[in-house]
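S.K.: coordinates only, sequence not included:
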């Protein structure tokens, strides 16, 4: 009943969306406001329709209607309510509906804005949004229907179908298979929606870019309208990536946070092109350069978003994220290919109109350094793309499948990330138009000298690893420059307006949120880099089996195995929980409880580490194995992860900075000042952006 | 030098400067990708291919995929030493689909005694997902005794879940 209702709503959504596309195109061609308005209404109607679809699925999930295949696959009666609701994105069919729902809500929200200054964009924004929606909804209806049910046919066999086959009776399994225990983690409950929010938000800037190309209105209006969308998209994508890493660290039990898995890379690639886009649009706004390049970047980001959705939901590549094989692969590739080709064709058609308004002169000017930043981001993107596709390419040419692993990515992206870090320090000090080594040197010699203290200090403290010393210096250099920039801005305000430190800081960041929010993001990146250096270069580990009362040592740490409890829980788990005491240099620090949960319904164990976490380091203890009759004892694996908490703390700072940068202005149209038309000194140039 | 957006004419020397700079960076990126690929490329083989290659893969880092045979799993928890055997499964996704999907292929591989097999040795924690008819993707080297010494062990259990199941990747 509810299944039929949900499916009906889905079909109506498809029909309404297709109507909206035709109405918008017709309205734009005939210049008919009535038709465009009708298309807008269609767009707005998709939101409540898909909401009904999503609610139907949630209703089925919550009520445990196991006749529905999707419900059977992702829930079971022992799961708590919040997991039943969030199982909406626990499987492929539900995820696609969730994607469509997000898209419908964002696109609807965008059509509700005031369009006085860019009325001509409206029909085409609707078209792009609805075409994307039709693709996803169509996929749900024809290939990944979340409402298909189990039937017992007259002949006694089982069938899976949307509608009751003739003579068949409903087949209702007693209980569902349940969500994979590894995914029953709060981080995993919000990680996919964050990524999806990021993915879907990038559709909006793309829609405006395509609208600009079609209408021929190729000034930077589309960028100004969608700047905040792009930032919000980026915010959610970043949040999704950080949460995913944290989940891996907490749940997967291998002491790591990032494995260069194809699925991780699939989510990382649109982030890379999106980051390049966010930086390079600033050049178009300030200097009228890079217009074509920005179009290329947003088109690429859109394709990568679809590719990312596809890759996380299909089985083309061997990955630790094991997926089902499904029919949707070729369709996704087809859709990406067609939209990419059409977008490029539109871009080529407007190629000459998108000429730059000026030239770059100095290799050290702000715009040149931004270009360099873009090159490096693209470089990392190419590395990722190459790594993901290399097995397919090599098989094509040599008939031999050759893969590349994490060492490939670490080796080739390491120098590029280091270059980006350095740029992050230097670029904010360079001036628009023209900078020389002399002007730059003058601006950065003080932070440079101070930053040298950090690697020297590290050396004195016993760090002999050259790459680590260099990386520490880079982090310090960027951090000091950024703080120095803040200091200079605050000091100038204090002198000029006689404000106190806090008012000056508040006003400084408040008047120029993108710039100072951006600096906070940079600081966040530096802190994250610190955590990554810590865990990548200084992680140590040990493992061993100890009897009760026995001890194991790692570095300064000493753990004592106190006892092991094994018990059943009400929600269908068998838990083995060890109690260990931690000492450091003979000083008692507390107890840890590494455990192993065995899920009866899915017959799968899950290892949950006991972690003692400080800003200095993490002690990460895994319960590996035990003898039932505890004669020999229990096996533990211990990791020592120095500085890793800075990765998470930096993530917070990063997100906070993005929030500052994307916080709405009171009146967006009046704050913007176009610079240039006169010679700019570095300090003036900075205050102007 | 006054900088207005319209008054500047393109200077050829200026262009060349950026062109060369850009080219240098692109060359550096290509160089990085090329050398890293060479340094870390691993052959992805099936058990059949590995057995046919015989001697010439000794000592080279390779990736092998196969079906875990449950009866052969032996685990010494004291010394964290894990041994098991895997049976050949086809490497091509299309072939797997044609034979009824990954779950079916893995099942057939395990019950068919004529399939070629290899012994695998792994030092470390036994992964949660290691069990009969799981697909093991292993990275490591063949030793002189014809045993595959895995440094990294990934497992997939296609029968159980449609959902993404990231498994413990044991760093080597």
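M.R.: That came through fine. Keep in mind that this is a model prediction, so the values were computed, not measured. Residues are numbered from 1 along each chain as shown, chains lettered A, B, ... in the order given.
S.K.: which stretches of chain A form strands?
M.R.: For chain A, applying DSSP state E gives strands covering A:149-152, A:158-161, A:169-170, A:401-404, A:540-546, A:551-554, A:557-568, A:573-584, A:587-592, A:595-599, A:604-608, A:610-613, A:617-626, A:634-642.
S.K.: residues contacting residue A:275?
M.R.: By C-beta atoms under 8 Å, 6 or more residues apart in numbering or on different chains, the contact set of residue A:275 is A:234, A:377. C-betas here are computed from N, CA, C, even on glycine.
S.K.: correct me, but residue A:232 touches residue A:201?
M.R.: Yes - here residue A:232 reaches residue A:201: they are 5.4 Å apart, a contact under C-beta atoms under 8 Å.
S.K.: Look up how far residue A:356 lies from the nearest residue to residue B:44 once chain neighbours are set aside.
M.R.: Of all residues not flanking residue B:44 in the chain, residue A:401 sits nearest, at 3.8 Å (C-beta to C-beta, 6 or more residues apart in numbering or on different chains). Distance of residue A:401 to residue A:356, computed by C-beta to C-beta, to the nearest Å: 44 Å.
S.K.: Can you pick out the residue with more neighbours from those two?
M.R.: residue A:401 (21 against 17; other C-beta atoms under 10 Å in any protein chain shown).
S.K.: If I look at residue 45, what pLDDT would I see?
M.R.: No chain was given, so I picked chain A. Predicted confidence (pLDDT) for residue A:45: 95.
S.K.: wait, I meant chain B there
M.R.: 81.
S.K.: Secondary structure element holding residue B:126?
M.R.: Taking DSSP states H and E as the definition, residue B:126 sits outside all helices and strands.
S.K.: Ramachandran angles for it?
M.R.: phi -70, psi 120 (degrees, to the nearest 10).
S.K.: Please tell me I have it right and it contacts residue B:75.
M.R.: Yes - using C-beta under 8 Å, residue B:126 is in contact with residue B:75, at 5.0 Å.
S.K.: The residue positioned nearest the centre of chain A and chain B, how far apart?
M.R.: Central residue of chain A (C-alpha atoms, centre = their mean): residue A:237, 2.7 Å from the mean position. Shown here: residue A:237 relative to chain B, a distance of 18 Å by C-beta to the nearest C-beta, to the nearest Å.
S.K.: For the nearest residue to that residue once chain neighbours are set aside, the count of nearby residues, please.
M.R.: Excluding the flanking residues, the one nearest residue A:237 by C-beta to C-beta, 6+ apart is residue A:198, at 3.0 Å. Counted with other C-beta under 10 Å, residues neighbouring residue A:198 total 25.
S.K.: ok so, going back, surely the residue nearest to residue B:44 is in contact with residue A:391?
M.R.: Yes - the criterion here is C-beta under 8 Å, and residue A:401 meets it with residue A:391 at 5.3 Å.
S.K.: shared neighbours, the two?
M.R.: Common contacts of residue A:401 and residue A:391 (C-beta under 8 Å, 6+ apart): residue B:44.
S.K.: Who does residue A:151 form a beta bridge with?
M.R.: Legend: beta-bridge partners of residue A:151 under DSSP bridges are residue A:159, residue A:170.
S.K.: which residues sit in contact with it?
M.R.: When contacts are counted by C-beta under 8 Å, 6+ apart, residue A:151 touches A:158, A:159, A:160, A:161, A:164, A:165, A:168, A:169, A:170, A:171.
S.K.: Just the buried subset of these, please.
M.R.: For the contacts of residue A:151, a burial check counting by 16 or more other C-beta atoms under 10 Å in any protein chain shown picks out residue A:168.
S.K.: want to try JSON lines for the contacts of residue A:151, with distance to residue A:286 and pLDDT as columns?
M.R.: Compiled in JSON lines, the contacts of residue A:151 are given as follows (distance: C-beta to C-beta, whole Å; pLDDT from 0 to 100):
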{"residue": "A:158", "distance to residue A:286": "64", "pLDDT": "80"}
{"residue": "A:159", "distance to residue A:286": "62", "pLDDT": "81"}
{"residue": "A:160", "distance to residue A:286": "57", "pLDDT": "82"}
{"residue": "A:161", "distance to residue A:286": "58", "pLDDT": "83"}
{"residue": "A:164", "distance to residue A:286": "63", "pLDDT": "83"}
{"residue": "A:165", "distance to residue A:286": "64", "pLDDT": "83"}
{"residue": "A:168", "distance to residue A:286": "66", "pLDDT": "83"}
{"residue": "A:169", "distance to residue A:286": "69", "pLDDT": "84"}
{"residue": "A:170", "distance to residue A:286": "64", "pLDDT": "85"}
{"residue": "A:171", "distance to residue A:286": "64", "pLDDT": "85"}
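S.K.: Return the member of the contacts of residue A:151 nearest to chain B.
M.R.: Proximity of the contacts of residue A:151 to chain B was ranked by C-beta to the nearest C-beta; the top entry is residue A:160 with 12.9 Å.
S.K.: I figured that closest one was touching residue A:147, is that so?
M.R.: No - at 11.1 Å, residue A:160 and residue A:147 do not qualify as touching, with contact defined as C-beta under 8 Å.
S.K.: Where does pLDDT dip in the chain?
M.R.: As the question left the chain open, I've gone with chain A. Counting by pLDDT under 70, the ranges of chain A that qualify are A:253-255, A:312-327, A:602, A:628-632, A:665-689.
S.K.: not what I meant, chain B
M.R.: B:1-13, B:53-59, B:93-94, B:97, B:157-172.
S.K.: buried sites along the longest helix seen in chain B?
M.R.: Counting by DSSP state H, the longest helix found in chain B is helix B:12-40. Within helix B:12-40, the residues that count as buried by 16+ other C-beta under 10 Å are B:14, B:17, B:25, B:28, B:29, B:32, B:33, B:36, B:37, B:40.
S.K.: okay, those residues in TSV with distance to chain A next?
M.R.: Below are the buried residues of helix B:12-40 laid out as TSV (distance: C-beta to the nearest C-beta, whole Å):
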residue	distance to chain A
B:14	6
B:17	6
B:25	5
B:28	8
B:29	4
B:32	4
B:33	5
B:36	4
B:37	6
B:40	4
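S.K.: Grab the nearest non-local neighbour of residue 129.
M.R.: In the absence of a named chain, chain A is used. Distances taken as C-beta to C-beta, 6+ apart place residue A:107 nearest to residue A:129, at 3.6 Å, with adjacent residues excluded.
S.K.: Hmm, no, I was thinking of chain B.
M.R.: Once flanking residues are discounted, residue B:129 sits nearest to residue B:155: 4.0 Å by C-beta to C-beta, 6+ apart.
S.K.: so that neighbour makes contact with residue B:66?
M.R.: No - Residue B:155 lies out of contact with residue B:66 (C-beta under 8 Å); the separation is 11.1 Å.
S.K.: more neighbours, these two?
M.R.: More crowded of residue B:155 and residue B:66, by other C-beta under 10 Å: residue B:66, with 30 against 21.
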